[in-house]
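Q: Would you be able to build a 3D model of this:
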Amino acid sequence: MESPPPDNSIPPLSGLGSQVARRRLWDGSNTLLLSPDLLFPVFRKGYTLLINTWKRNDLLKQSISHYASCPGLDSVHIVWSEPDPPSESLINFLNRVIKLNSKDGRKIELKFDINREDSLNNRFKEIKGLKTDVVFSIDDDIIFPCTTVEFAFSVWQSARMQWWGLCLVFTGLINRIAVKGNEDKYIYSGWWSVWWTGTYSMILSKAAFFHKKYLSMYTYEMPSSIREYVTKNRNCEDIAMSFLVANATGAPPIWVKGNIFEIGSTGISSLGGHTEKRTECVNRFVAEYERMPLISTTVKAVDSRFCWFW
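A: Numbering: from 1, shown residues only. Alright, predicted model coming up:
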């Protein structure tokens, strides 16, 4: 297996290969401009939508109605951790809108993954019998256009097959960074730091593609102390997943630039002290791994169809 590329670089492509290598373009700011027709339409088995929700049925209905129309969607798994099971009316509504909005007569499977315990770790529990290799993890309060979702899926496929093989890279639409502070401590920084420095080291799982094997690794192989910390503090399951993937691959994630529409106004990130809690998580996880596995990068994938300047 080839070793992962060094930070801030993209290795040569092979296979589809010379065609992509001749036609990929750079805008001078470490941006990879890609055209979806060059990103391995073969082996396209679709993806599973893994959506996390909590007592926001109106948002859940909006999200499912939208993503049902995305061409690559194969199935929907709803992570349900509420004390009461989903109502028959909700189940019937979601099945109906999926049937109405799905394209080309596709039969999209809908399942509720019922959890007795209310824990953020539930969103990464292993799911038996998934028909797709890839999972699209999403929160119920944000929506991306299907063109953006499909492009991100293509980027994941290309990176998986061409750059790091079975390392199975992490690809997503929302990024963050952990920067080195004083006394060997790290500071969790949000979008403005990413925007200012052009650098990131994490993809948030509220909008990310990853291989289904990471669900198993999160549940059974990641240190149990991290899962316990996530449950106790009701935060940082997405950071834990970023640490897990980075530790397993030795590679940075890939950020896909795209439009985001927020349809909800409340959540964990809106609570006071959120950034400070995230900083505590980062340093706790560094201590658990006895090193910092996250790798910073400046690479972003941009859909060339919607980029004015090449």
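
Q: can you list the weak-confidence ranges in the stretch 201-310 of the chain?
A: Flagging of the stretch 201-310 of the chain using pLDDT under 70 yields the residue ranges 265-272, 308-310.

Q: ranges for the strands of it?
A: 202-203, 207-211, 254-256, 261-262, 300-303 (DSSP state E, counting those that start in this stretch).

Q: and these as TSV, adding distance to Lys185?
A: For the C-beta atoms, the positions are set from N, CA and C on the backbone; glycine is no exception. Putting the strands of the stretch 201-310 of the chain into TSV (distance: least, C-beta to C-beta, whole Å) gives the following:
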stretch	distance to Lys185
strand 202-203	17
strand 207-211	26
strand 254-256	25
strand 261-262	31
strand 300-303	27
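
Q: Figure out which of these is closest to Glu183.
A: Across those, Glu183 has its closest neighbour in strand 202-203 (21.7 Å, C-beta to C-beta).

Q: Does anything pack onto the closest one? Which helices or strands?
A: strand 175-180, helix 237-249 (3 or more C-beta pairs under 8 Å, 6 or more residues apart in numbering; DSSP states H and E).

Q: roughly how far is stretch 128-142 from the heart of the chain?
A: Here stretch 128-142 is found 9 Å from its chain centre; the criterion is C-alpha atoms, centre = their mean, to the nearest Å.

Q: Report the spatially nearest residue to the residue most central in space within the chain, omitting neighbours in sequence.
A: With distances taken as C-alpha atoms, centre = their mean, Ala208 lies nearest the centre of the chain, 1.2 Å away. Leaving aside its chain neighbours, Ala208 sits nearest to Gly172 (3.3 Å; criterion: C-beta to C-beta, 6 or more residues apart in numbering).

Q: about what we covered before: list the residues that contact the residue nearest to the centre of the chain.
A: Contact analysis of Ala208 by C-beta atoms under 8 Å, 6 or more residues apart in numbering lists Phe136, Ser137, Phe170, Thr171, Gly172, Leu173, Ile174, Met241.

Q: Among the strands of the stretch 201-310 of the chain, which comes closest to Asp58?
A: Among these, strand 261-262 sits nearest to Asp58 (C-beta to C-beta), with 14.1 Å.

Q: Quick check: which helices or strands does the closest one pack against?
A: strand 142-143.

Q: which residues in the stretch 201-310 of the chain form helices?
A: 213-220, 224-233, 237-249, 274-289 (DSSP state H, counting those that start in this stretch).

Q: just to revisit the earlier point, between the strands of the stretch 201-310 of the chain, which gets nearest to His66?
A: Ranking those by proximity to His66 (C-beta to C-beta) places strand 261-262 first, at 9.2 Å.

Q: Quick check: neighbours of the closest one in the sheet, parallel or antiparallel?
A: Looking at strand 261-262 with DSSP bridges, its partner strands are strand 142-143 (antiparallel).

Q: Give the rounded mean pLDDT of the partner strand.
A: Mean per-residue pLDDT for strand 142-143: 93.

Q: Next secondary structure element downstream of it?
A: Following strand 142-143 in sequence order, the next helix or strand is helix 146-158 (DSSP states H and E).

Q: and that next one, what other elements does it pack with?
A: With contacts defined as 3+ C-beta pairs under 8 Å, 6+ apart, the packing partners of helix 146-158 are strand 31-34, helix 57-67, strand 134-139, strand 171-172, strand 207-211, strand 254-256, strand 300-303.

Q: how about a cut-off of 7 Å?
A: Helices and strands touching helix 146-158, by 3 or more C-beta pairs under 7 Å, 6 or more residues apart in numbering; DSSP states H and E, are strand 171-172, strand 207-211, strand 254-256.

Q: Please list all residues in contact with the residue nearest to Ala208.
A: Neighbouring residues of Gly172 by C-beta atoms under 7 Å, 6 or more residues apart in numbering: Ile203, Leu204, Ala207, Ala208, Phe209, Pro253, Trp255, Val256.

Q: Tell me the spacing between it and Trp255.
A: As judged by C-beta to C-beta, to the nearest Å, Gly172 and Trp255 stand 7 Å apart.

Q: Ile114 too?
A: Taking C-beta to C-beta, one finds Ile114 at 33 Å from Trp255.

Q: Settle it for me: which of those two has more neighbours?
A: Trp255 (26 against 13; other C-beta atoms under 10 Å).

Q: Tell me the buried residues in stretch 109-120?
A: For stretch 109-120, a neighbour-count test (16 or more other C-beta atoms under 10 Å) marks Leu110, Phe112, Ser119, Leu120 as buried.

Q: Skipping adjacent residues, who's closest to Asn235 in space?
A: Lys277 (5.3 Å).
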